[in-house]
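> could you work out the structure for the sequence below:
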Amino acid sequence: MNPLNIMKNFKINKLVLMLLIIGLVSNTSCKKLLDVDASNLVNEENTWSSITDTRAALLGTYGLLRAALADNNAHWVYGELRASSFEASSRRDLQAVIEGNLNAPYALLQDVSNWRRFYAVINSANLFIERSGEVLEKDPQYTNLNHDIDVAQMRAIKGFAYFYMVRIWGDVPLWTKSYDGAFPKLPRSEAKAVLNYAENELREASKVLPIRYGIPNAAYLPGLYYGYDNTRWDGTLITSVAANAMLAHIAALDNRYLDASVYIDFVINNASQAGMVYTAVSDLTRIDGFFLNVKASQMFALGMSWNRGESSTSGHIEDLTLAAPLVSKPVPDIFMSASSILEMFNEPKDQRFNINANGEVVTPYFTDFMGLRPIFSKIKIIRDGISGTNGSLPIYSSPIVFSRLEEITLLKAEALAVLGETENALTTLNDLRYKRNLPDLPSDADLIDEIFKERKRELLGEGWSWYDLVRYKRIKNNDAAFNNLIATSGIYWPIAQDVIISNPEVQQNPYWK
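Purely as a prediction, here's the structure:
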């Protein structure tokens with residue numbers, strides 16, 4: 001059970017929100033978190049008194065964001081399954097998502113159609129911005145620079161959450177302050193206005209955020225951050241580099257590729273200073289590789305580390321894709337057919353999947369390719385990444401990763417191609433193909449097609465598929481049925497009936513009425 005279920009009706013005041021945040025930071029289990037003894041409640045006025053309070057509230061907001069994306073495997077349900085190359089083995093709710101039947105009467109679809117968990121994140125961030133300044137007056141350990149950077153992170157989280165919601169629902173209500181008690185009855189703001197707000201929050205935050213946290217001799221924000229060095233914070237907190245990656249995607253979603261290219265250049269030019277490197281396929285797919293724990297090369301990640309007691313049975317792609325012989329689960333919830341795999345990986349010598357000269361399948365992306373249901377095992381972080389399953393209960397530790405250098409480089413190629421810089425786009429794409437043992441494409445290749453094919457191969461299982469398809473169809477503009485889907489808001493999810501009932505100002509997306 002996810003901690004955000006407490007907020008289902010938002011009958012919660014700011015004090016309880018603070019207690020929830022502190023509980024999340026303390027790695028309290030969901031059951032224990034719900035068992036709050038009223039005698040332990042403290043006066044809200046005492047919750048913004050020390051640097052301990054700001055740390056709890058800061059990390060708790062990140063925890064709420066993690067919960068929003070992990071609950072019901074939402075990150076992959078939204079981004080990976082719709083119009084996917086995956087098929088559902090037996091779960092009709094997942095097959096409904098794959099087929100775009102998003103208003104089918106399944107509990108999963110109702111749950112992920114509800115945006116309340118994202119507003120819990122936004123409300124927490126707004127509350128921090130409004131109240132954290134009080135700690136400056138009460139605790140000399142809390143410096144102005146620390147406060148400015150903390151506030152910048154909260155602004156960035158708001159920007160990221162709104163960007164995420166616009167991709168899912170289009171028009172959404174815009175909260176610019178915190179609310180105590182029930183959800184405010186605000187109408188939906190136009191997606192363009194919400195994206196503008198998100199972009200401004202992230203842009204202003206990026207001016208304050210460091211490139212890296214906890215670096216002793218850094219010119220900006222030197223020394224430990226909240227008592228820890230960079231090994232604790234790399235990838236975990238939003239940096240100026242991560243903020244610019246988010247800005248690049250907002251601009252691309254808004255079809256402003258010139259702006260996107262500027263943001264991308266900042267990311268790539270500062271990547272090495274942020275500790276980021278390109279990831280080899282061998283590291284990407286190892287059980288103790290890229291997806292084990294949070295690290296610098298994950299531009300921004302929401303961790304669920306075994307070593308920190310955060311691992312779980314759900315909230316990971318592995319929960320949907322893994323099965324025997326990797327874990328005790330007999331059949332994966334979703335799988336890719338052999339024909340779909342061969343269609344996607346159709347070039348010889350591709351390190352991710354190929355059939356060698358002897359007719360043998362060579363792939364670290366899939367297990368049991370010749371079986372009835374090939375298992376997608378690119379990501380397979382079980383427990384601590386080394387010791388395997390825990391009896392009959394698979395427990396996973398992989399984080400939810402937003403972007404890495406390969407992803408942002410492909411977005412750069414996309415931006416260059418749309419802007420007509422064909423030669424630079426081709427060079428950028430070929431450089432990345434080279435890293436995967438693929439030959440250079442000819443100069444007359446359909447660049448947009450090839451870029452999105454490469455995104456599909458490289459980012460498979462990372463939650464990009466649907467959003468990439470929407471951008472691809474908008475760029476190509478040659479699919480009448482999809483153009484109609486865009487025009488009628490069919491690319492967005494329906495809004496949960498619970499939301500509409502509780503807020504009469506909100507109207508259902510036209511396509512789903």
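> near the nearest residue in space to Asp229 that is not next to it in sequence, how many other residues are there?
Nearest non-adjacent residue to Asp229, counting by CB to CB, 6 or more residues apart in numbering: Gly214, 4.0 Å away. For every residue, glycine as well, the C-beta is placed using N, CA and C. The local packing of Gly214 (other CB atoms under 10 Å) involves 21 other residues.
> ok so Gly214 is a strand residue?
No: counting by DSSP: H, G, I helix; E, B strand; the rest coil, Gly214 is not part of a strand but coil.
> which residues touch it?
Gly223, Leu224, Tyr225, Tyr228, Asp229, Asn230, Thr231, Arg232, Trp233 (CB atoms under 8 Å, 6 or more residues apart in numbering).
> count the neighbours of the fourth one for me.
It refers to Tyr228. 12.
> buried ones among the contacts of Gly214?
In terms of neighbour count (16 or more other CB atoms under 10 Å), the buried residues within those are Tyr225, Asn230, Arg232, Trp233.
> low-confidence bits of the chain, can you list those?
Residues of the chain meeting the criterion pLDDT under 70: 1-46, 387-392.
> hang on, the earlier thing: look up how far Gly223 lies from the residue nearest to Asp229.
8 Å (CB to CB, to the nearest Å).
> what of Ala205?
21 Å.
> which residues does the spatially most central residue of the chain bridge with?
Nearest to the geometric centre of the chain sits Phe402, at 4.6 Å (CA atoms, centre = their mean). Phe402 has the following beta-bridge partners by DSSP bridges: Phe300.
> my guess is it contacts Ala245, does it?
Yes: applying CB atoms under 8 Å as the test, Phe402 and Ala245 come out as touching, 7.4 Å apart.
> show me whatever sits in contact with both of those two.
In contact with both Phe402 and Ala245: Met299, Phe300, using CB under 8 Å, 6+ apart.
> Asn255 contacts Arg474, correct?
Yes: with contacts counted by CB under 8 Å, Asn255 reaches Arg474, the gap being 6.8 Å.
> more crowded one of these two?
Taking neighbours as other CB under 10 Å, Asn255 and Arg474 compare with Arg474 leading, 16 against 12.
> show me the contacts for that one.
Asn255, Ile486.
> what's the spacing between it and Lys453?
17 Å.
> for the protein, which segments count as strands?
87-88, 300-302, 334-335, 354-355, 361-362, 366-367, 375-376, 400-402 (DSSP state E).
> switch the contacts of Gly214 over to a markdown table; also include distance to Ala481.
Shown next, in a markdown table, are the contacts of Gly214 (distance: CB to CB, whole Å):
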| residue | distance to Ala481 |
| --- | --- |
| Gly223 | 57 |
| Leu224 | 55 |
| Tyr225 | 50 |
| Tyr228 | 51 |
| Asp229 | 53 |
| Asn230 | 49 |
| Thr231 | 50 |
| Arg232 | 49 |
| Trp233 | 46 |
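> pull the most distant pair out of these.
Gly223 and Thr231 (14.1 Å; CB to CB).
> so where's the longest helix in the protein?
helix 144-169 (DSSP state H).
> buried set for it?
Buried residues in helix 144-169 (16+ other CB under 10 Å): 146-147, 149-169.
> cool, and stretch 306-317?
Neighbour-count burial for stretch 306-317, with 16+ other CB under 10 Å as criterion, is recorded at Trp306, Glu310, Ser311, Ser312, Gly315, His316, Ile317.
> endpoints of it, how far apart?
16 Å (CA to CA, to the nearest Å).
> and it, how far from the chain's centre?
Mean-position distance between stretch 306-317 and its chain equals 15 Å (CA atoms, centre = their mean, to the nearest Å).
> distance check, Ile264 against Glu454.
Taking CB to CB, one finds Ile264 at 16 Å from Glu454.
> between those two, which is the more surrounded one?
Ile264 (26 against 21).
> return the residues in contact with the more buried one.
Counting by CB under 8 Å, 6+ apart, Ile264 has contacts Asn244, Ala245, Ala248, Ile408, Leu411, Lys412, Ala415.
> Asn230 versus that one, what's the distance?
24 Å.
> try Asp440
37 Å.
> surely Glu318 touches Phe376?
No: contact status for Glu318 versus Phe376: not in contact, 9.3 Å apart, counting by CB under 8 Å.
> so who does Gly79 touch?
So Gly79 contacts Gly463, Trp464, Ser465, Trp466, Tyr467 (CB under 8 Å, 6+ apart).
> again, but for Thr321
Going by CB under 8 Å, 6+ apart, the list of residues near Thr321 reads Pro332, Asp333, Ile334, Phe335, Ile375, Phe376, Ser377, Ile379, Gly461.
> which single one of the residues you listed is nearest to Leu485?
Distance to Leu485 across the contacts of Thr321 (CB to CB) is lowest for Ile334, with 22.6 Å.
> was I right to think the closest one contacts Ala88?
Yes: if you go by CB under 8 Å, Ile334 and Ala88 touch, sitting 5.6 Å apart.
> residues shared between the contacts of the two?
Leu94.
> who has more neighbours out of the two?
Ile334 (24 against 20).
> which non-adjacent residue is nearest the more buried one?
That would be Phe86: by CB to CB, 6+ apart, it lies 4.3 Å from Ile334.
> now the one you found. Its backbone dihedrals?
phi -80, psi 150 (degrees, to the nearest 10).
> contact partners for it?
Here Phe86 is in contact with Glu80, Ile98, Ile334, Phe335, Met336, Phe376 (CB under 8 Å, 6+ apart).
> can you give me the distance of the first one to Ala68?
Yep, that's Glu80 we're talking about. Applying CB to CB, the value for Glu80 to Ala68 is 16 Å.
> ok, now which ones touch Ala156?
With CB under 8 Å, 6+ apart, Ala156 has these contacts: Glu201, Leu202, Ala205, Ser206, Leu209, Ile238, Ala242, Ala243, Met246.
> farthest-separated two in the residues you listed?
Glu201 and Ala242 (13.6 Å).
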